[in-house]
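Undergrad: my questions are about this predicted structure, shown below with the sequence.
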Number of protein chains: 2
Amino acid sequence: MYNLYFENFIKRVPLEPHEREKISSCLTIKNLRRNQYLLQAGDICKYITFVQKGALKQYTTDLYGNNHIVQFAIENWTISDMESFITGNPSIYHIDAMEDAQLVLIDKAAHEMLLKEEPKYQEYMRLQLTGAYLAMQKRLNSSISLSPEERYNEFLVMRPDISQRVPQHMIASYLGLQPETLSRIRKKNSRKL
Amino acid sequence: MYNLYFENFIKRVPLEPHEREKISSCLTIKNLRRNQYLLQAGDICKYITFVQKGALKQYTTDLYGNNHIVQFAIENWTISDMESFITGNPSIYHIDAMEDAQLVLIDKAAHEMLLKEEPKYQEYMRLQLTGAYLAMQKRLNSSISLSPEERYNEFLVMRPDISQRVPQHMIASYLGLQPETLSRIRKKNSRKL
DNA sequence: CGATTTTTTGAATCATATCAACGTACGTGG
DNA sequence: CCACGTACGTTGATATGATTCAAAAAATCG
């Protein structure tokens, strides 16, 4: 059931059987078809989601109706709108499936109970959060200090898996570029080889 | 000594006197003069730093020698290079004082000891980290989906304190703009009133 | 006060966005 | 299984807006 979830967990924080049992009882599985929403802007984010299979994207729609992808999540990634999850305010993000997906969900009540009662879970969350924070900082730094071309090349290095799996215009959106611009960058790159 | 540090701490996680005592014994004060470095790129980040007074900036230098400010920290903010602090790798960031500053430092050994032995500290760290993560996500989203002008206006709303205290070219750097461009945005804004 | 830093302005250049058209691949229903 | 419609990627022409470079004006510091 939750194999990949716990595999990932144990890599960071080893668990005794009874601890695993307790955490396990707080989890649920959700399957999502391609193009289905996990979260729509305006909804309250009720779950922290771990991806066991498939690929999701998280994005906002701006004033002009353009979408901007903030995050891709594939196997072994955790995705949610932390802001909405914690504050209970409506989310500004959409999350949907780019491929059929199997997800592990944990809801807020369970999350808070585990934080209180299960030190290993608290530690795991802290490590997860630290990792997410570092990744975000790196991305922000790139977005401020690199050119579009450099940003794309960094993306290829950092997320080679995703660059294979995801349509090009979504990568453009993730990088803050127009699809035409990314197409031209790729053309230019290929001439360099 | 650590008044502002604990004031901030207690707002999130209340402390018993003996807990405060224990944490207190792990802290040290550092004073920094304007323009002095707290951290230089290439150094290993050995402390998590809380600002009790003054203003710091954190920035990278790119391949072409241009600086890019990633973060401002004033009173009540925490600053460090988490990446370097955790991994022990040399930092890519500089941190220096824009104004004379008084800082509260905690080093890695103390930090890890407290995480293990002091649940309140662990919880405080998790909350801090969550806040930092949310702020970072918001900024990244702005950087991807807003125009320079919109980004500047959001900055004015989000960090009104800093917009008063910091030279304009540093704000430009923080927003990923040339100083001339920010100057023109301001001129345009002022015409609108 | 004089020196240095910061901000503003103008003109030229460069990069990305925009708009429009075309070719291709993909999946769906007939 | 084929045909159609929709998605996607590419290309070209043009427009827009930020950068760059240079210089002057304004503000700040010692």
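TA: Sure, I can see it.

Undergrad: could you say which helix or strand holds the residue lying closest to A:Ile79 once chain neighbours are set aside?
TA: For A:Ile79, ignoring the flanking residues on the chain, the nearest one in space by CB to CB, 6 or more residues apart in numbering or on different chains is A:Ala73 at 3.9 Å. All C-beta spots, glycine's among them, are computed from the backbone N, C-alpha and C. A:Ala73 is part of strand A:67-74, with elements assigned from DSSP states H and E.

Undergrad: any idea how far that strand is from the chain center?
TA: The chain centre lies 7 Å from the centre of strand A:67-74; the measure is CA atoms, centre = their mean, to the nearest Å.

Undergrad: what about that strand, near DNA strand C?
TA: No - applying CB under 7 Å from any atom of the strand, one finds strand A:67-74 separated from DNA strand C by no less than 11.1 Å.

Undergrad: and the contacts of that strand?
TA: Strand A:67-74 is contacted from outside by A:49, A:51, A:54-62, A:79, A:93-94, A:159, A:161-162, A:165-166, A:170, A:173-174, A:176, B:137, B:140-141, B:144-145, using CB atoms under 8 Å, 6 or more residues apart in numbering or on different chains.

Undergrad: coming back round to it: burial count for the residue nearest to A:Ile79?
TA: Other residues lying near A:Ala73 total 24 when counted by other CB atoms under 10 Å in any protein chain shown.

Undergrad: same question, A:Gln178
TA: Neighbours around A:Gln178, by other CB under 10 Å: 14.

Undergrad: quick one: it from A:Asn8, how far?
TA: Plainly put, A:Gln178 is 36 Å away from A:Asn8 if you go by CB to CB, to the nearest Å.

Undergrad: that older thread, buried set for the strand holding A:Ala73?
TA: A:His68, A:Ile69, A:Val70, A:Gln71, A:Phe72, A:Ala73, A:Ile74 (16 or more other CB atoms under 10 Å in any protein chain shown).

Undergrad: partner strands of that strand, with direction?
TA: strand A:55-61 (antiparallel) (DSSP bridges).

Undergrad: buried sites along the strand it pairs with?
TA: For strand A:55-61, by 16+ other CB under 10 Å, it's A:Ala55, A:Leu56, A:Lys57, A:Gln58, A:Tyr59, A:Thr60.

Undergrad: let me know whether that strand sits next to DNA strand C.
TA: No - Strand A:55-61 lies apart from DNA strand C when judged by CB under 7 Å from any atom of the strand; the minimum separation is 13.8 Å.

Undergrad: that strand near DNA strand D at all?
TA: No - against DNA strand D, strand A:55-61 shows no contacts by CB under 7 Å from any atom of the strand, the least distance being 11.5 Å.

Undergrad: one step back: make a ChimeraX selection of the buried ones in the contacts of strand A:67-74.
TA: Restricted to buried positions by 16+ other CB under 10 Å, the ChimeraX selection for the contacts of strand A:67-74 reads:
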select /A:49,51,54,55,56,57,58,59,60,79,93,94,159,162,166,170,173,174,176 /B:137,140,141,144,145
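
Undergrad: now, which of the contacts of strand A:67-74 lie within strands?
TA: A:Thr49, A:Val51, A:Ala55, A:Leu56, A:Lys57, A:Gln58, A:Tyr59, A:Thr60, A:Thr61, A:Ile79, A:His94 (DSSP state E).

Undergrad: what about A:Lys188, neighbour count?
TA: Based on other CB under 10 Å, the number of other residues close to A:Lys188 is 10.

Undergrad: which of the buried residues of strand A:55-61 sits closest to DNA strand D?
TA: Distance to DNA strand D across the buried residues of strand A:55-61 (CB to the nearest atom of the strand) is lowest for A:Lys57, with 11.5 Å.

Undergrad: is the closest one in contact with A:Tyr93, as I believe?
TA: No - A:Lys57 is beyond contact range of A:Tyr93, at 9.9 Å (criterion: CB atoms under 8 Å).

Undergrad: the spatially closest residue to A:Arg126 that is not a sequence neighbour: which element?
TA: Of all residues not flanking A:Arg126 in the chain, B:Arg126 sits nearest, at 5.2 Å (CB to CB, 6+ apart). Element membership for B:Arg126, per DSSP H and E: helix B:119-145.

Undergrad: A:Ala41: what's it in contact with?
TA: A:Thr60, A:Thr61, A:Pro90, A:Ser91, A:Ile92, A:Tyr93, A:His94.

Undergrad: from A:Tyr37, how far off is the last one?
TA: With distances taken as CB to CB, A:His94 is found 7 Å from A:Tyr37.

Undergrad: just give the number of residues close to the closest residue to DNA strand C within chain A.
TA: Nearest to DNA strand C in chain A, going by CB to the nearest atom of the strand, is A:Thr181, at a distance of 3.2 Å. A:Thr181: 15 surrounding residues under other CB under 10 Å.
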